[in-house]
Every structure is written in C-alpha cells, then in structure tokens.
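>>> A structural model of the following input is requested.
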Amino acid sequence: MACSSKKKEVAQDISLVDEVFSWSLEDVFNQELYKHKVQKIPDSFQSVDQYLGSYIHPLLEETHAELCSSMEVVSMTPVAEVVSLEEYMEGRGVSPVTKVAENKDMANNSKVSNDDHDTPMSFKVQTSRDLPRSKRA
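Below is the predicted model:
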C-alpha cells in the first residue's frame, strides 16, 4: 500500500529506535518511504564516518520493510470481546485483560486467555489498512 508521505532526512544523531518510532502508520505502509534515499554502497571510503553513514538508509529501509511486513499479518491475531478490565499501571492506559468472552472468531485456532494484554479498539481489525482508524494508532 503506497501512501504519500513527507520525505524525512535522517540526522546522524538520531537513534534507529527514535527514527522508527517517529514513523506514522502512513509512513509504515508507504513502500516508497526510503526508495530514493538508498544509494549504492561504495567499494572504498574516505573516513569511518562515511563508511558508517553509507549504511544508515539501507538499515532504515530494511527495518521499514520488516515492520511493514509484520503489520500485514495483524488481521490474523487472536480476537476476543473484553468483558472487564482491571486497573493496572494507573494513568498509563495499560490494563491486563481480566475476563474475556468466549472466543468468537478464531480463524487461526489461537486462544485468547485472561492473562493476555490487549490493545482496546472499538472495532475488529480485518486488515492492516484498518489500523489508521484506531484512536490509539
């Protein structure tokens, strides 16, 4: 799914984790996000900084492709209706599921248990394209 997105320059002092977490869902699904940034890696380098810098965009492109691929399988994750939640880590919006209704739609035969942590959504994610609808995304 190729979505338009603003092009980003990666600063040398930004960590890989910071860069990945800066991506919006639109960026994650944009298969051309780093297409024009990856260049052929030269056979020789004039400095260590040039050597290390030549791998930044290829690493980001590979990380981006893996994340995009992983997001495509989100519709196959187990789904259950949450009946109740227990307060946990107050103020952080994170709660363990304390009780789930009977599994209703388990195409992949996975089980959802009361010990699972959940991402509350007001709708069932059918495909990865549904993720931007989530208020938490």
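>>> map the structural domains onto the sequence of this protein.
With domains defined by automatic domain parsing, the chain comprises 16-72, 78-132.
>>> which of these has the lowest mean pLDDT?
Within those, the stretch with the lowest mean pLDDT is domain 78-132, showing a mean of 56.
>>> just give me the neighbour total for Leu60.
Here the count is done by other C-beta atoms under 10 Å, and Leu60 has 20 residues near it. Every C-beta, even on glycine, is put in place using the N, C-alpha and C of the backbone.
>>> in which helix or strand does it reside?
helix 56-72 (DSSP states H and E).
>>> in that helix, what counts as buried?
56-57, 60, 63-64, 68, 71 (16 or more other C-beta atoms under 10 Å).
>>> now, which of those sits nearest Leu33?
Each of the buried residues of helix 56-72 was checked against Leu33 using C-beta to C-beta; the closest is His64, at 5.7 Å.
>>> I'd say the closest one and Phe29 touch.
No - using C-beta atoms under 8 Å, His64 is not in contact with Phe29, being 10.0 Å away.
>>> circling back to that earlier point, can I get the buried residues of helix 56-72 in CSV including distance to Val48?
Listed next are the buried residues of helix 56-72 as CSV, based on distance: C-beta to C-beta, whole Å:
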residue, distance to Val48
Ile56, 13
His57, 17
Leu60, 19
Thr63, 22
His64, 25
Cys68, 31
Met71, 35
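>>> what is the nearest of those to Phe45?
The closest of the buried residues of helix 56-72 to Phe45 turns out to be Ile56 (C-beta to C-beta; 13.5 Å).
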